[in-house]
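Novice: One predicted model, sequence on top.
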Amino acid sequence: MNRLEGCRIEMLDNQACQAILGRVTGSEESEFGVNTFSWLLAHCHDGVTWGRYESSNRCWQLSSNTFPDLSPKISSFNLLEIRLFGPESEIMFWKTERGLSGRCIIDRPIEDDNSPVRPGAEVRILLGDRTIGTPRAGFTRVGTAGGMEQAVPLVCTEDDFKYGYWPLRLRVQHYFELDKETGAVRVAATRLVEVFKEVR
């Protein structure tokens with residue numbers, strides 16, 4: 001991959017990924033810089049788990065602890081992909097046949113504000129048009145009329161979802177590359193930035 005405008009990418013080997021996973025799940029004491037991230041999203045064989053870093057306790061709060069019937073415990077056995085993210089960087093790693101492999105994207109200053117490959121942000125709507133029960137420990141169980149559910153790392157109320165509104169949002173950052181032969185610009189990498197509620 002060519003050098004991308006607005007970011008630096010570092011590759012992570014199995015050992016580094018295992019250390020991060022151990023810190024997230026509480027089985028290792030190593031900091032490994034995971035306290036620089038705010039949010040966590042893990043896709044596992046048996047469901048989705050969200051997380052939030054609490055700097056006061058220096059630990060990750062996971063939806064699997066708050067809603068264990070909905071969110072699976074994260075482990076190297078059931079993990080498909082995990083992202084730890086915040087305003088300036090993201091760690092993402094995934095399962096391969098030889099263990100875990102991943103990368104870290106770190107923002108850096110943009111050299112040219114008019115560049116066709118400068119980073120661009122996008123906001124996506126997350127699943128959920130209703131609360132299910134009351135918030136617990138900073139997480140809220142949300143769902144849809146079709147029965148899909150997740151436990152997001154935000155405190156939500158019924159008022160947030162009035163009149164069928166979907167208030168949950170995920171901000172992402174895209175990094176682009178230019179094909180010098182054709183002039184086509186394409187997304188070369190994407191990272192998560194923030195999960196939040198959009199207030200009407």
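Specialist: All right, it came through fine.
Novice: Skip the chain neighbours and tell me the closest residue to L80.
Specialist: Ranked by C-beta to C-beta, 6 or more residues apart in numbering and with sequence neighbours excluded, the top spatial neighbour of L80 is H43, at 4.7 Å. For glycine as for every other residue, the C-beta is placed from the backbone atoms N, C-alpha and C.
Novice: how about that neighbour, secondary structure?
Specialist: Three-state assignment for H43 (DSSP: H, G, I helix; E, B strand; the rest coil): strand.
Novice: Ramachandran coordinates for D13?
Specialist: Torsion angles at D13 (phi, psi; degrees, to the nearest 10) stand at phi -90, psi 180.
Novice: Just to check, the residue nearest to L80 is in contact with N78?
Specialist: No. H43 is not in contact with N78 according to C-beta atoms under 8 Å; the separation is 9.8 Å.
Novice: buried sites along the longest helix seen in the chain?
Specialist: Longest helix in the chain, counting residues (DSSP state H): helix 14-25. For helix 14-25, burial by neighbour count (16 or more other C-beta atoms under 10 Å) applies to A16, C17, Q18, A19, I20, L21, G22, R23, V24, T25.
Novice: pLDDT averaged over stretch 162-181 - what is it?
Specialist: Here stretch 162-181 scores 94 as its mean pLDDT.
Novice: now do the same end-to-end measure for that stretch.
Specialist: Start-to-end span of stretch 162-181 (C-alpha to C-alpha, to the nearest Å) is 50 Å.
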